[in-house]
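*Asks:* how does the following fold in three dimensions:
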Amino acid sequence: MAANLLKGGHKLIVHDVNRESARSLESLGAVFASSPAEVASKTSAIVTMLPSSPHTRAVYTGSDGIL
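*Replies:* Numbers count the residues shown, from 1 in each chain. The predicted structure follows:
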């Protein structure tokens with residue numbers, strides 16, 4: 001999904017706990033953020049793609065979360 005958005009000309013700031021997973025997106029023009037909180041501080045819209053409820057809770061309400 002992120003790669004398609006980048007190929008469509010959209011600017012993205014991305015975060016992944018696995019830093020290597022984000023490198024392919026950086027090669028397409030994405031900017032890497034060190035945490036979900038950093039993403040939230042630099043954007044007006046956020047799209048998450050997370051594998052399960054615990055991951056979602058951590059990204060939204062964790063110590064470095066979006067909220």
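*Asks:* CA atoms of the lowest-mean-pLDDT helix or strand in the chain as PDB?
*Replies:* Across the helices and strands of the chain, mean pLDDT, DSSP states H and E gives its lowest value to helix 19-27, namely a mean of 92. This file holds the C-alpha atoms of helix 19-27, laid out as PDB (Å, rounded to 0.1, in the frame of the first residue of the first chain):
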ATOM      1  CA  ARG A  19      14.000  -0.700  10.400                       C
ATOM      2  CA  GLU A  20      15.000  -2.800   7.400                       C
ATOM      3  CA  SER A  21      11.400  -3.100   6.300                       C
ATOM      4  CA  ALA A  22      11.200   0.600   5.800                       C
ATOM      5  CA  ARG A  23      14.400   0.900   3.700                       C
ATOM      6  CA  SER A  24      12.600  -0.200   0.500                       C
ATOM      7  CA  LEU A  25      10.100   2.600   1.000                       C
ATOM      8  CA  GLU A  26      12.900   5.100   1.600                       C
ATOM      9  CA  SER A  27      14.400   4.200  -1.700                       C
END
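*Asks:* so which bits of it are buried?
*Replies:* Ala22, Leu25 (16 or more other Cβ atoms under 10 Å). Heads up, the C-betas are built off the backbone N, CA and C, glycines and all.
*Asks:* and the next element down the chain from it?
*Replies:* Using DSSP states H and E, the helix or strand that follows helix 19-27 in sequence is strand 31-32.
*Asks:* mind giving me the packing neighbours of that following strand?
*Replies:* In terms of contacts (3 or more Cβ pairs under 8 Å, 6 or more residues apart in numbering; DSSP states H and E), strand 31-32 is packed against strand 13-14, helix 19-27.
*Asks:* now do the longest one: everything it contacts.
*Replies:* Residues external to helix 19-27 that are found in contact with it (Cβ atoms under 8 Å, 6 or more residues apart in numbering): Ala2, Ala3, Leu6, Leu12, Val14, His15, Asp16, Ala30, Phe32.
*Asks:* how about the nearest residue to the fourth one, chain neighbours excluded?
*Replies:* Setting aside the residues directly before and after it, Leu12 is nearest to Ala30 in space (Cβ to Cβ, 6 or more residues apart in numbering), at 4.4 Å.
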